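Asks: For reference, the sequence and a predicted model appear below.
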Amino acid sequence: MIVTVTLNPALDITYSVPELRTGTTHRPRVLAQAGGKGVNVARTLHALGRETVAILPLGGFDAAAMRAEMETGGVPHHVIPISGATRRTVTVVETGSADGSATAFNESGPEITGAEWAEIRAAVSSVLETVDSASALVLSGKLPPGLPDDAYADLITLADGFGVPAILDTEGPALLAALAARPAIVKPNAHELLDATGLSDAAQAAAELLRRGARAVVSSHGPDGLTASLAAGTWFARPPRIAGGNPTGAGDAAVAALAVGLADGTSWPDTLADAAALSAATVLTNRAGVFDAEAYRRFRAEITVSSQNQGPPCP
């Protein structure tokens, strides 16, 4: 069982238009679904046939619609009610663009009170204690207002007490504060990696996160692929070139593959190749957490991983 936690979920709304033009009226095709990075990871894991449960706080007008959508989609979930209104994200995808240009509008989300944080933390503890064979905990997304920078560090330490390794996909102070808790994998994108460390070289920045406590750093570089950095060495996986598509949720698909590799003890080359292939297959769809299964199989067969050493199993 892979458990995901999304502290700042959202109702994800995708508008598809031939071209986005300011000052004019558009009549888009609309898709709406429960989202937030950890929910997207759980949706991907569910589509892969893996046991998973998404833990998330919900409140306000859209909470019922998000619950209903997850139930309809069969995504197992555990909801903690909160007083604030869950945020919305709106992504406008230009279908007539050669590169599948996407413009996002992301609300900041509701403030989480101290009492609500205690309930969320207790829910994570309860799920880790009661589910059969929890094999990984995925912590994804920015922290919502009201939570301290070390909130993820707290959850990583909590999971460690149950013998469950954690994957962290966040940025900035929350990423740095979590490193002392020794997450099994952190997955910043290239910009987040450099921004968190203040360095200008990606390899040096990854080494700095390892020095501060991360056991592995997997950095995503968009169409240029993924890099996994460990004390033992570095691996590189480049996905196939894709014309167009919607990159929303591609990073979450990569995290889902990393969670599977971590749970199964898969070698780093195979895990990184899976992550690159699944990420690319997600770009071909118009929904986060959904991937083109045939393309995933095809891409996986095409991807090779280069390394500076023989890779150990995932930590």
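Replies: Cool, got the structure.
Asks: Report how many residues lie close to the nearest residue to Arg182 once chain neighbours are set aside.
Replies: Leaving aside its chain neighbours, Arg182 sits nearest to Gly213 (4.9 Å; criterion: C-beta to C-beta, 6 or more residues apart in numbering). C-beta coordinates here come from the backbone N, C-alpha and C atoms, glycine included. Gly213 sits with 16 neighbouring residues when counted by other C-beta atoms under 10 Å.
Asks: hang on, His78 is in a strand, isn't it?
Replies: Yes - under DSSP: H, G, I helix; E, B strand; the rest coil, His78 falls within a strand.
Asks: Show me the beta-bridge partners of the nearest residue to it once chain neighbours are set aside.
Replies: Leaving out its chain neighbours, the residue that sits closest to His78 by C-beta to C-beta, 6+ apart is Ile55, at 4.8 Å. Counting by DSSP bridges, Ile55 is bridged to Val5, His78.
Asks: Ile55: neighbour count?
Replies: 27.
Asks: Let me know the distance separating it from Ala253.
Replies: In this view, Ile55 and Ala253 are 19 Å apart by C-beta to C-beta, to the nearest Å.
Asks: Next, please give the residue ranges for the helices of the chain.
Replies: Here the chain has its helices, by DSSP state H, at 37-47, 63-73, 114-130, 151-161, 172-178, 190-197, 202-212, 250-264, 268-283, 293-302.
Asks: Including mean neighbour count, could those go into CSV?
Replies: CSV is the format used below for the helices of the chain (neighbours: other C-beta atoms under 10 Å):
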stretch, mean neighbour count
helix 37-47, 28
helix 63-73, 16
helix 114-130, 15
helix 151-161, 20
helix 172-178, 20
helix 190-197, 19
helix 202-212, 18
helix 250-264, 27
helix 268-283, 26
helix 293-302, 15
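Asks: Just to check, the residue nearest to Arg182 is in contact with Ala184?
Replies: No - in this structure, Gly213 is not within contact of Ala184 by C-beta atoms under 8 Å, at 11.0 Å.
Asks: Next, the contact list for Arg121, please.
Replies: Asp154, Leu155, Leu158 (C-beta atoms under 8 Å, 6 or more residues apart in numbering).
Asks: On the pLDDT front, check the nearest residue to His221 once chain neighbours are set aside for me.
Replies: Spatial nearest neighbour of His221, excluding adjacent residues (C-beta to C-beta, 6+ apart): Ala190 at 4.8 Å. The score at Ala190 is 90. That number is its pLDDT.
Asks: Kindly provide the distance from Ala190 to Thr227.
Replies: Counting by C-beta to C-beta, the gap from Ala190 to Thr227 is 9 Å.
Asks: Show me whatever sits in contact with both of these two.
Replies: Joint contacts of Ala190 and Thr227 (C-beta under 8 Å, 6+ apart) are Ala202, Ser219, His221.
Asks: Hmm, Ser219 and the first one touching each other?
Replies: Right, the one you point to is Ala202. Yes - using C-beta under 8 Å, Ala202 is in contact with Ser219, at 6.2 Å.
Asks: what residues are shared contacts of the two?
Replies: Both Ala202 and Ser219 are contacted by Ala190, Leu193, Thr227, under the criterion C-beta under 8 Å, 6+ apart.
Asks: for the residues you listed, which one is nearest Asn106?
Replies: Ala190 (19.2 Å; C-beta to C-beta).
Asks: one step back: you'd agree the residue nearest to His78 is up against Val5?
Replies: Yes - the criterion here is C-beta under 8 Å, and Ile55 meets it with Val5 at 4.8 Å.
Asks: which residues do those two both contact?
Replies: By C-beta under 8 Å, 6+ apart, Ile55 and Val5 have these common neighbours: Gly38, Ile120, Val124.
Asks: if I look at the last one, how far off is Gly38?
Replies: This means Val124. Relative to Gly38, Val124 is positioned 11 Å away (C-beta to C-beta).
Asks: Quick check: neighbours shared by those two?
Replies: Val5, Ile55.
Asks: re the thing from before, out of the shared contacts of Ile55 and Val5, which one sits closest to Asn286?
Replies: Using C-beta to C-beta, the shared contacts of Ile55 and Val5 come closest to Asn286 at Gly38, 20.4 Å.
Asks: Quick one: residues contacting the nearest residue to that closest one once chain neighbours are set aside.
Replies: Counting by C-beta to C-beta, 6+ apart, Gly38 lies nearest to Thr6, which is 3.3 Å off, once chain neighbours are set aside. Contacts of Thr6 were listed using C-beta under 8 Å, 6+ apart, and they are Gly36, Lys37, Gly38, Val39, Ala54, Ile55, Leu56, Ser140, Gly141.
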